[in-house]
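**Student:** Model the following, please.
(one chain, ligands or ions: 1)
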Amino acid sequence: MNNYSNTSRVTIKVLEQMKNEGDKISMLTAYDFSFAKIIDEAGIDIILVGDSASNVMAGHETTLPITLDQMIYHASAVVRAVKRALVVVDLPFGTYQADSKEALKSAIRIMKESGAHAVKLEGGHLAKESIERIIQAGIPVMGHLGLTPQSIYKFGTYTVRAKDDDEANTLIDDSKMLENIGCFSIVLEKIPNILAKKVASMLKLPIIGIGAGSEVDGQVLVSHDMLGMNKDFSPRFLRRYLDLDSLVSKAVKKYSSDIKTGSFPNKEEQY
Ligand code: KIV
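**Tutor:** Numbering: from 1, shown residues only. Predicted coordinates for the structure are as follows:
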């Protein structure tokens, strides 16, 4: 099924309809103008300016160091490129946990300064008040449960979450709560397929999985990972669609050797 590929603009309403009609939602990260343009023109439904920019763009070990100003910089570039997809931006670590007023101020800065369409933030009941306040201000919020990388030092590892009953029940309660307070979608990261399936069938809002199996309403991956730009990151859930690392390396080596042998530029490549 693919009834929405001709939609000129993906909105929250379109995503709702896609879930109702069993039309799967595609989502991918982007952090800059050039990639966002390619990804949008290829027909991805949601573009996430993820705080994974902290890892793949800035080279940090975790998502924690990236700042609100840096997220706004990335998001503005993405928004300038995108014509069709819904653009969602992560609220970075430290910009919404302290209190709900600060959370709202951070979300407003993202919307106002980047032109994005929605924000995403990690957490369940602890983030409830902040999410409510942001939604009340008219800003659409995507939730994020399961493995929440901003809490890596609490978890200690990036392993699969909610394998035991207690954590699974908390995740179910948190998902219901996020729907009740008005989130338009939830990302479920690295949890058992059976639990993700249960949440997706229980809730009306679209559930987007990453490492959460196939029985949810859509999938998200980090673009750098699915394009094969990072040989050192190979979780089971990742499918690589390209070996960009080797392709770029080969092209750069050839360019360098063409310069050194004097074959670049040739007569046609000069004025
Ligand atoms: O920051 C990010 O890229 C994300 C996705 C992994 C869902 O949150």
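**Student:** and the residue in the chain positioned nearest to the ligand, how many residues sit next to it?
**Tutor:** Nearest residue of the chain to the ligand, counting by Cβ to the nearest ligand atom: Gly50, 2.4 Å away. Glycine gets a C-beta too; all of them are placed from N, C-alpha and C. Around Gly50 there are 30 other residues, counting by other Cβ atoms under 10 Å.
**Student:** From Arg161, how far out is the closest residue to it other than its chain neighbours?
**Tutor:** Nearest residue to Gly50, sequence neighbours excluded (Cβ to Cβ, 6 or more residues apart in numbering): Thr29, at 4.4 Å. Counting by Cβ to Cβ, to the nearest Å, the gap from Thr29 to Arg161 is 20 Å.
**Student:** Check Ala77 too.
**Tutor:** Distance check for Ala77 against Arg161: by Cβ to Cβ, it reads 32 Å.
**Student:** Of the two, which one has the most company?
**Tutor:** Legend: neighbour count by other Cβ under 10 Å for Ala77 and Arg161, higher for Arg161 (24 against 19).
**Student:** Could you give the number of residues near Ser130?
**Tutor:** Using other Cβ under 10 Å, the number of residues around Ser130 comes to 25.
**Student:** again, but for Val141
**Tutor:** Counted by other Cβ under 10 Å, the residues lying close to Val141 total 27.
**Student:** what do you get for Val87?
**Tutor:** Residues near Val87, counting by other Cβ under 10 Å, number 22.
**Student:** Quick one: residues contacting the nearest residue to Glu122 once chain neighbours are set aside.
**Tutor:** Spatially, and ignoring its direct neighbours in sequence, Glu122 is nearest to Thr148 (3.9 Å; Cβ to Cβ, 6+ apart). By Cβ atoms under 8 Å, 6 or more residues apart in numbering, Thr148 lies in contact with 122-123, 189.
**Student:** Inside strands: which ones of those residues?
**Tutor:** Assigned to strands by DSSP state E, the following of the contacts of Thr148 qualify: 122, 189.
**Student:** ok, and of the contacts of Thr148, which contact the ligand?
**Tutor:** Contacts with the ligand within the contacts of Thr148, as defined by Cβ under 6 Å from any ligand atom: Glu189.
**Student:** pLDDT weak spots in the protein?
**Tutor:** Applying pLDDT under 70 to the chain flags residues 1.
**Student:** Okay, domains of it per the record?
**Tutor:** Per automatic domain parsing, the structural domains of the chain span 12-240, 243-271.
**Student:** Just the element for the spatially most central residue of the chain, please.
**Tutor:** Central residue of the chain (Cα atoms, centre = their mean): Leu48, 3.8 Å from the mean position. For Leu48, the host element (DSSP states H and E) is strand 46-49.
**Student:** Quickly compare the domains of the chain and say which is most buried.
**Tutor:** Among those, domain 12-240 has the highest mean neighbour count (mean count of other Cβ atoms under 10 Å), at a mean of 19.
**Student:** what distance separates the start and the end of that domain?
**Tutor:** Start-to-end span of domain 12-240 (Cα to Cα, to the nearest Å) is 28 Å.
**Student:** now stretch 136-143
**Tutor:** Per Cα to Cα, stretch 136-143 runs 15 Å from first to last residue.
**Student:** So which bits of this structure are right by the ligand?
**Tutor:** Counting by Cβ under 6 Å from any ligand atom, the residues of the chain near the ligand are 29, 48, 50-52, 90, 187, 189, 210, 220, 222.
**Student:** right, and Lys197 touches Asp217 too?
**Tutor:** No. In this structure Lys197 lies outside contact range of Asp217 using Cβ atoms under 8 Å: 10.7 Å.
**Student:** in the chain, which spans are helices?
**Tutor:** Along the chain, the segments classed as helices by DSSP state H run 12-20, 33-41, 53-56, 68-81, 100-114, 128-136, 152-155, 165-180, 193-202, 223-226, 244-261.
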